[in-house]
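> Pasting the sequence and the predicted coordinates here, then a few questions.
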Number of protein chains: 2
Amino acid sequence: MKKHPTIYDIAKKADTSTATVSRVLSNNGYPVRPELRDKIRKVAEEVNYIPNVIGRQLKTNNSMTIGVIIPSITNPFYSSIMLGIEDVARSRGYHVFLCNSHRSPQLEEEYLKTLFEKQVKGLIVSSISPDKKLLGALIDKGLNIVAFDQTIDGLDSSQIHFDYQKGGFMATEHLIKSGHQKIALISAPLTRPSRKSVYEGYLHALNQYGLGVDKSWIQIASREYEEFERNYEFKNGIELTQNLLKGTDLPTAIFVCNDMTAFGVMNELIKQGIKIPEQISVMGFDNIEFSEMITPPLTTIQQPDYEMGKLACNMLLDQLDEKTVENVDIMLQPRIVDRSSVLHLEDSLLNR
Amino acid sequence: MKKHPTIYDIAKKADTSTATVSRVLSNNGYPVRPELRDKIRKVAEEVNYIPNVIGRQLKTNNSMTIGVIIPSITNPFYSSIMLGIEDVARSRGYHVFLCNSHRSPQLEEEYLKTLFEKQVKGLIVSSISPDKKLLGALIDKGLNIVAFDQTIDGLDSSQIHFDYQKGGFMATEHLIKSGHQKIALISAPLTRPSRKSVYEGYLHALNQYGLGVDKSWIQIASREYEEFERNYEFKNGIELTQNLLKGTDLPTAIFVCNDMTAFGVMNELIKQGIKIPEQISVMGFDNIEFSEMITPPLTTIQQPDYEMGKLACNMLLDQLDEKTVENVDIMLQPRIVDRSSVLHLEDSLLNR
DNA sequence: CTGTTAGCGCTTTCAC
DNA sequence: GTGAAAGCGCTAACAG
């Protein structure tokens, strides 16, 4: 396998200089005599020239590459975001490195470092690490960050927040307004700010409407996920539902912290012969693609994943391309997606 | 924002040469006097040195980067594969570019070119393009390819096949052995070799067991997907099931070309009040994560996605690291995952 | 318009 | 063991 032709080879063949070759091949508007231009193009074509972008990169210090760090691409929420990111990145001439942190701070750090070494100038991150020293240092060194999902306080970066608390509130309120009074919560452990906010939203709604809770209605997983374990959230949902169902005073509705977990909840409910929503209503959170595929279709809170990805990427690239200088904070608003897993008691005969 | 320190700066501060600095910082076993080594390390630490890999890359012509081209990361089958790829890439010091082709040959070509320009030396591809000229040319130029899913005949690359025909056969045979005689097929259009093979496997099994088919039982989508449309496969399943159900002589089992489509099938069946599997059994293909989350859990054919990704990546990197020279062809074998969406007639009272 | 030239940050002979 | 120096492929002053 012989060496690839370079602009030097082309210059020689076309009887001109590398500078001129570079000028026509890189297609910046620099004026070059048309005949020469054509000749160079022809020669390039002949020798099957493909530019080596690394050369340019070293010179211009612009890698046209961004990185994305997320817990796991296998989670549909993140894969939608990733698609959004990649779609706009491509359309703007960028490539994107995908990095799965598996929720490991060590892995996250490793990626941060190696991506920076590869001259990635922008990063979109759902950070898990509590320690933002390295991140801060890299930002000082010129790295641009857009944080989403898990948002990083006090860091010099753009942020895309989602109003988790309001989401939790709206979900619960929706159940209340549908006539439910006994509303359970099933949640993953509150180890992340987003989850805590959802939980607070739930409590806040109950409080505001003067509703009480039985201790047994609040089922929060105690151990953190084994993130490498397949279907961990689903299994969590099953397990917590079993616990919930051991209680004596059962709720008429369950609000679940995310759709994946909700699938587990519904699965267990059905397995125990409990009708959804006739006997127990289920409300999810996220609105992943599958939520409308199951039976009954899941009523849930919409987090605009794909759009969020597009937004994040556009924000980042605007910063890199220096269309924007200022960091921005955006708060995305939740929206209720009303499907069939929640019973509207006032519409029903079951009113009690 | 001032310039980052380079090995030149370190050399100056440590009273030595860039050569020596490079030698200690790149950690190849080159002998350097311990005190000098320590001093250089110390200085590097002090100035917060982070290497610029681009420099090395230009010199060594080794980008430690691979690319992955798939239709859409949003499809759980591909996202599992991607996770597998990325997990081994990381562990072997590589980064990976994710590229969604959206099943567009143009996009695929564009990625092929731009990735090569970025000096990506290896690619894992589920190719959609019928035209393999560009791909061939790049391989000639030294690009290493591992093709999977949609396999590329007559191309100088490693391949990971999956025995789709056998999968189709096994699925159908499983239904037959469970006592079904009237077996329908619901499939996406046969525009891809893999789908065609599954279809052939289906026909082959029917044939071998001397079973006939009603025309109405074979429902194959005519239009190609709108790949950008959310849930297109799911909708396809619904639509084709509606068509199927218009027939007069209904089947007792449906074999569906993939799990996503099967979800649509099940959804429509349930909506029409048809019990699964009591009235109609459903058999899927792929075994994506969600297959076991729905009710009833889907009986399906396992395609080992995550493992496939790991395998593909290891094969590719072995080639790049010149542990392997030869291309290899691997044929992954299907496996039946027996869950609850298929009725075993001989075990049941419904025998007719 | 065009060519000369000096690097971008790093590795790697080659000579000492 | 160590350093000088020559690039890797490209771009961008600068001079003409």
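Yep, that arrived.

> who does the worst-scoring helix or strand of chain A on mean pLDDT touch, helix- and strand-wise?
Among the helices and strands of chain A, helix A:133-140 carries the lowest confidence by mean pLDDT, DSSP states H and E, at a mean of 92. Contacting helix A:133-140 under the criterion 3 or more Cβ pairs under 8 Å, 6 or more residues apart in numbering or on different chains; DSSP states H and E are the following elements: helix A:105-117. In short, each C-beta sits where N, CA and C put it, glycine included.

> Report the rounded mean pLDDT for the helix it packs on.
Mean pLDDT, computed over helix A:105-117, is 97.

> which residues touch whichever residue of the stretch 51-200 of chain A sits closest to DNA strand D?
Per Cβ to the nearest atom of the strand, residue A:55 is where the stretch 51-200 of chain A lies closest to DNA strand D, at 2.5 Å. By Cβ atoms under 8 Å, 6 or more residues apart in numbering or on different chains, residue A:55 lies in contact with residue B:58.

> Buried residues, the helix or strand it falls within. List them.
According to DSSP states H and E, residue A:55 maps onto helix A:53-60. By neighbour count, with 16 or more other Cβ atoms under 10 Å in any protein chain shown as the criterion, the buried positions of helix A:53-60 are A:53-58.

> Which positions in the least confident helix or strand of chain A come out as buried?
For helix A:133-140, a neighbour-count test (16+ other Cβ under 10 Å) marks A:135-136, A:138-139 as buried.

> quick one: strands adjacent to the helix or strand just after it?
Scanning forward in sequence from helix A:133-140 by DSSP H and E, the next helix or strand is strand A:144-148. Under the criterion DSSP bridges, strand A:144-148 sits next to strand A:122-125 (parallel), strand A:158-162 (parallel) in its sheet.

> Return the most buried member of those.
By mean neighbour count, with neighbours taken as mean count of other Cβ atoms under 10 Å in any protein chain shown, strand A:122-125 ranks first of these at a mean of 26.

> which residues sit against that one?
Contacts for strand A:122-125 (Cβ under 8 Å, 6+ apart): A:66-70, A:85, A:112, A:115, A:135, A:143-148, A:152, A:312-313, A:316-317, A:319-320.

> Which stretches in the stretch 201-350 of chain A count as strands?
A:218-220, A:253-256, A:281-283, A:300-302, A:329-332, A:335-337 (DSSP state E, counting those that start in this stretch).

> Lowest average pLDDT across the ones you listed?
Among the strands of the stretch 201-350 of chain A, strand A:329-332 carries the lowest mean pLDDT, a mean of 94.

> And for it, what's in contact with it?
Contacts made with strand A:329-332 from outside it, assessed by Cβ under 8 Å, 6+ apart, are listed as A:158-163, A:303-304, A:308, A:311, A:315.

> Kindly indicate which of the residues you listed lies nearest DNA strand C.
Comparing the contacts of strand A:329-332 against DNA strand C with Cβ to the nearest atom of the strand picks out residue A:158 as the nearest, at 25.7 Å.

> If the closest one is in a bridge, with which residues?
Going by DSSP bridges, residue A:158 is paired in beta bridges with residue A:146.

> residue boundaries of the helices in chain A?
When secondary structure is read from DSSP state H, chain A shows helices at A:7-13, A:18-25, A:34-46, A:53-60, A:76-91, A:105-117, A:133-140, A:164-177, A:193-208, A:232-245, A:259-271, A:305-320.

> Find the nearest non-adjacent residue to the closest residue to DNA strand C within the stretch 151-300 of chain A, please.
The nearest approach of the stretch 151-300 of chain A to DNA strand C comes at residue A:156, 22.6 Å away (Cβ to the nearest atom of the strand). Spatially, and ignoring its direct neighbours in sequence, residue A:156 is nearest to residue A:139 (5.3 Å; Cβ to Cβ, 6 or more residues apart in numbering or on different chains).

> Now do the one you found against residue A:155, distance only.
Distance of residue A:139 to residue A:155, given as Cβ to Cβ, to the nearest Å: 7 Å.

> How about residue A:277?
Using Cβ to Cβ, which is the criterion applied here, residue A:277 is 42 Å from residue A:155.

> Between these two, point out the one with more neighbours.
For residue A:277 versus residue A:155, neighbours defined as other Cβ atoms under 10 Å in any protein chain shown are more numerous around residue A:277 (23 against 16).

> and the residue nearest to that one when sequence neighbours are not counted, what are its phi and psi?
Nearest non-adjacent residue to residue A:277, counting by Cβ to Cβ, 6+ apart: residue A:343, 3.8 Å away. Main-chain dihedrals, residue A:343, degrees, to the nearest 10: phi -90, psi 130.

> Test my guess that residue A:343 contacts residue A:275.
No - at 9.5 Å, residue A:343 and residue A:275 do not qualify as touching, with contact defined as Cβ atoms under 8 Å.

> For those two, work out which one has more neighbours and name it.
The residue with more neighbours, out of residue A:343 and residue A:275, is residue A:343; 24 against 11, by other Cβ under 10 Å.

> which residues touch that one?
Counting by Cβ under 8 Å, 6+ apart, residue A:343 makes contact with A:178-179, A:252-253, A:277-278, A:281, A:350.

> same thing but at 7 Å, please
When contacts are counted by Cβ atoms under 7 Å, 6 or more residues apart in numbering or on different chains, residue A:343 is found next to A:178, A:277-278, A:281.

> quick one: which of the residues you listed is most hemmed in?
Of the contacts of residue A:343, residue A:281 is surrounded by the most neighbours, 26 neighbours in total, counting by other Cβ under 10 Å.

> Identify all residues paired with that one through a beta bridge.
Residues found in beta-bridge contact with residue A:281 (criterion: DSSP bridges) are residue A:253.

> Would you mind measuring from it to DNA strand D?
Remark: distance between residue A:281 and DNA strand D (Cβ to the nearest atom of the strand, to the nearest Å) = 60 Å.

> rewinding a little: please identify which of the buried residues of helix A:53-60 is nearest to residue A:203.
Of all those, residue A:57 has the smallest distance to residue A:203: 51.5 Å, by Cβ to Cβ.

> give me the low-pLDDT residue ranges for the stretch 101-250 of chain A?
Per-residue confidence for the stretch 101-250 of chain A (pLDDT under 70) gives these ranges: A:224-228.

> Point out the residues in it that sit beside chain B.
Proximity of the stretch 101-250 of chain A to chain B is assessed by Cβ under 7 Å from any Cβ of the partner chain, with A:114, A:116-119, A:141-142, A:230-231, A:234 identified as the residues in range.

> Give me the buried entries from these.
Using 16+ other Cβ under 10 Å as the threshold, A:114, A:116, A:118-119, A:231, A:234 are the buried ones among those.

> For those residues, which two are the farthest from each other?
Based on Cβ to Cβ, the longest span within those runs between A:119 and A:234 and measures 39.6 Å.

> Could you report the neighbour count for residue A:260?
As a burial measure, the neighbour count of residue A:260 was computed by other Cβ under 10 Å and equals 27.

> residue contacts, it?
Residue A:260 makes contact with A:233-234 under the criterion Cβ under 7 Å, 6+ apart.
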